[in-house]
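>>> Here you go, sequence then predicted model.
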Amino acid sequence: MIPVHTLVQLASQYHNSDYNRLKFGSNGSPTHYKPLSLYLPDHFRQLQLRQFRSQHVQVWWLCRRQCPPSIVVPTFGPAGPDGDDLQSEILLAMAEPIQISLPVKTSVSHPLHISSIIPPDLISFISSQLQLSPAPTVFSIPLPFCLDRLLSSHPHLYPHTFSKHISQSCQSDAFVNEDKASYGAGLNFMLGNLFLSSCPGKKVRLDGPSNGRSAVCRDIDSDLKRIKEFGIGCIICCLDDEELTFLGIPWSTYENSARDMGLDISRMPTPEGLAPLDPASLDAVLMDTIKNYTLRSIPVLVHCRGGVGRAGVIACCWLIKLGLCGWLQGQVDKVDVDDNIHNGQANILLEAEIEERVQEALRYVHRVIGVVRTRRSAKAVETY
């Protein structure tokens, strides 16, 4: 069993995390981080109960519309009277005191920020290096071409922002082609990418700015239209009905808009601060997603409220399941202790071996989380 004080260090909210050192300085946050289960145990249990009640929700919502209707995005601008009336209004406005306020963020003023997990100019190359692998990962990939290594070798080539129009980097092409010939050709297909975003259509702080953060009033249809323009065919939604309603987009509205836009939905209701309910259910959803979308070159988008915490966890699991960051060299869960149970010295060596394999597993998870933080935000995978 890995101690809690070790695992919490993987969370971006941990007081000495890279995120908090960027935010507060080299010493990190002045407030030490405590897991929600220890800091607010009663609230944590209420969230667990809420999650348990959502476990029987329908997981897959498949659309059947082939050609989604075009959506006219409203434009904002002057639409008032002309001539003398307009001049009078301008003079009156100039006479009034200016009230400084933060502008409301909308789908027009701030288009949905969508981040890709695999840099688009690496999709083809990484796909060509994949080989089918026995469990637990779907693929194996040569170590030099694991995604975490490619990103750490040339981080300046792959910032976490993503634009619909991406220019190919000559430097990255040269780097990738250096050793390509030394490895055999992989499978003849193209992976579908994974994208992260905040909740489409969300509405928060409509009563006014809070702690310097402006109101957000997004339009679900406009946001889903933007998602569709990225070629995305499926959305993994990590929010339950209660949180969707709180964000101003009841599930019925969300589902209808997605269906009209031609987007499938997979639901994984997870209250903020919690992990998916159980590994088996998560694995089943991931395998269905990979089989029906990723392996068919269809991109998938996962979101929670802000697109960094719960969505970041799902992105990490997707990377691990595919094997894009490699796998462990040893088998942590297959150490045989029975033969050495009566031999004290052997037990000491065995404990050391187990500890090393546990540390290897932690290093591996840290690398995977590092990929998501590089591609999305240093704040990704927030809590434990």
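Great, that's in hand.
>>> which residues in this protein form strands?
60-61, 115-116, 131-132, 139-140, 194-197, 203-204, 216-217, 234-237, 264-267, 300-303 (DSSP state E).
>>> For residue 364, find the nearest of the ones you listed.
strand 139-140 (14.2 Å; C-beta to C-beta). C-beta here means a position set from N, CA and C on the backbone, and glycine is covered the same way.
>>> what lines up beside that closest one in the sheet?
Applying DSSP bridges to the sheet, strand 139-140 is found paired with strand 131-132 (antiparallel).
>>> So what's the model's average confidence on the partner strand?
For strand 131-132, the mean per-residue pLDDT is 92.
>>> From the chain's centroid, how far away is that strand?
25 Å (C-alpha atoms, centre = their mean, to the nearest Å).
>>> would you list the strands of the chain in a markdown table and tack on distance to residue 314 and mean neighbour count?
Shown next, in a markdown table, are the strands of the chain (distance: least, C-beta to C-beta, whole Å; neighbours: other C-beta atoms under 10 Å):
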| stretch | distance to residue 314 | mean neighbour count |
| --- | --- | --- |
| strand 60-61 | 15 | 16 |
| strand 115-116 | 13 | 22 |
| strand 131-132 | 23 | 12 |
| strand 139-140 | 18 | 19 |
| strand 194-197 | 9 | 26 |
| strand 203-204 | 22 | 19 |
| strand 216-217 | 22 | 18 |
| strand 234-237 | 6 | 24 |
| strand 264-267 | 10 | 21 |
| strand 300-303 | 5 | 26 |
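>>> Out of those strands, which is closest to residue 33?
Here strand 194-197 is closest among the strands of the chain (C-beta to C-beta), at 22.8 Å.
>>> what's the distance between that closest one and the middle of its chain?
Computed by C-alpha atoms, centre = their mean, the chain-centroid distance of strand 194-197 equals 5 Å.
>>> what's the least confident helix or strand in this structure, going by average pLDDT?
helix 170-178 (a mean of 38; mean pLDDT, DSSP states H and E).
>>> about what we covered before: what's the closest of the strands of the chain to residue 15?
Short answer: strand 194-197, nearest of the strands of the chain by C-beta to C-beta, at 24.7 Å.
>>> Just the CA coordinates for the closest one, please, in PDB.
Only the C-alpha atoms of strand 194-197 are listed here, as PDB (Å, rounded to 0.1, in the frame of the first residue of the first chain):
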ATOM      1  CA  LEU A 194      -7.900  13.200 -27.300                       C
ATOM      2  CA  PHE A 195      -8.900  16.700 -26.500                       C
ATOM      3  CA  LEU A 196      -9.700  18.500 -23.200                       C
ATOM      4  CA  SER A 197     -11.900  21.500 -22.600                       C
END
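>>> For that strand, which helices and strands make contact with it?
Other elements packing on strand 194-197 under the criterion 3 or more C-beta pairs under 8 Å, 6 or more residues apart in numbering; DSSP states H and E are strand 115-116, strand 300-303, helix 310-322.
>>> Output the ones you listed in CSV; the columns should cover distance to residue 282.
Putting those into CSV (distance: least, C-beta to C-beta, whole Å) gives the following:
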stretch, distance to residue 282
strand 115-116, 21
strand 300-303, 12
helix 310-322, 6
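>>> Not counting sequence-adjacent ones, nearest residue to residue 23?
The shortest distance from residue 23 to any non-neighbouring residue, by C-beta to C-beta, 6 or more residues apart in numbering, is to residue 29 (7.2 Å).
>>> Distance of residue 252 relative to residue 217?
From residue 252 across to residue 217, the span is 19 Å (C-beta to C-beta, to the nearest Å).
>>> so who does residue 314 touch?
Residue 314 makes contacts with 236, 238, 268, 276, 282, 302, as judged by C-beta atoms under 8 Å, 6 or more residues apart in numbering.
>>> was I right about the third one contacting residue 282?
I take that to be residue 268. Yes. Between residue 268 and residue 282 there is a contact under C-beta atoms under 8 Å: 7.4 Å.
>>> Neighbour count: those two, which is higher?
Neighbours were counted for residue 268 and for residue 282 using other C-beta atoms under 10 Å; residue 268 has more, 23 against 18.
>>> need the contact list for that one.
Taking C-beta under 8 Å, 6+ apart as the contact definition, residue 268 lies against 59, 236, 237, 238, 276, 282, 285, 314.
>>> how near is it to residue 318?
12 Å.
>>> now swap in residue 190 and tell me
16 Å.
>>> out of the two, which sits in the more crowded spot?
A side-by-side neighbour count of residue 190 and residue 318, using other C-beta under 10 Å, places residue 318 first with 21 against 15.
>>> Test my guess that the more buried one contacts residue 137.
No. Residue 318 is beyond contact range of residue 137, at 11.3 Å (criterion: C-beta under 8 Å).
>>> Show me the shaky parts of the stretch 1-150 of the chain.
Under the criterion pLDDT under 70, the flagged ranges of the stretch 1-150 of the chain are 1, 65-101.
>>> can you check the stretch 251-384 of the chain too?
For the stretch 251-384 of the chain, the stretches flagged by pLDDT under 70 are 330-346.
>>> Could I get the full set of helices for it?
Taking DSSP state H, counting those that start in this stretch to define them, one finds helices in the stretch 251-384 of the chain at 251-261, 279-292, 310-322, 344-375.
>>> Tell me the buried residues in the shortest one?
Applying a neighbour-count criterion of 16 or more other C-beta atoms under 10 Å, the buried positions in helix 251-261 are 251, 254, 255, 257, 258, 259, 261.
>>> So for the fifth one, what's the nearest residue that isn't a sequence neighbour?
Taking C-beta to C-beta, 6+ apart, and ignoring the residues beside it in sequence, residue 258 has residue 265 as its nearest neighbour in space, at 5.3 Å.
>>> I'd say the residue nearest to residue 23 and residue 18 touch.
No. If you go by C-beta under 8 Å, residue 29 and residue 18 don't touch, sitting 11.7 Å apart.
>>> which residues in the stretch 101-250 of the chain form helices?
Listed in chain order, the helices of the stretch 101-250 of the chain (DSSP H, counting those that start in this stretch) span 123-129, 147-153, 170-178, 220-229, 241-246.
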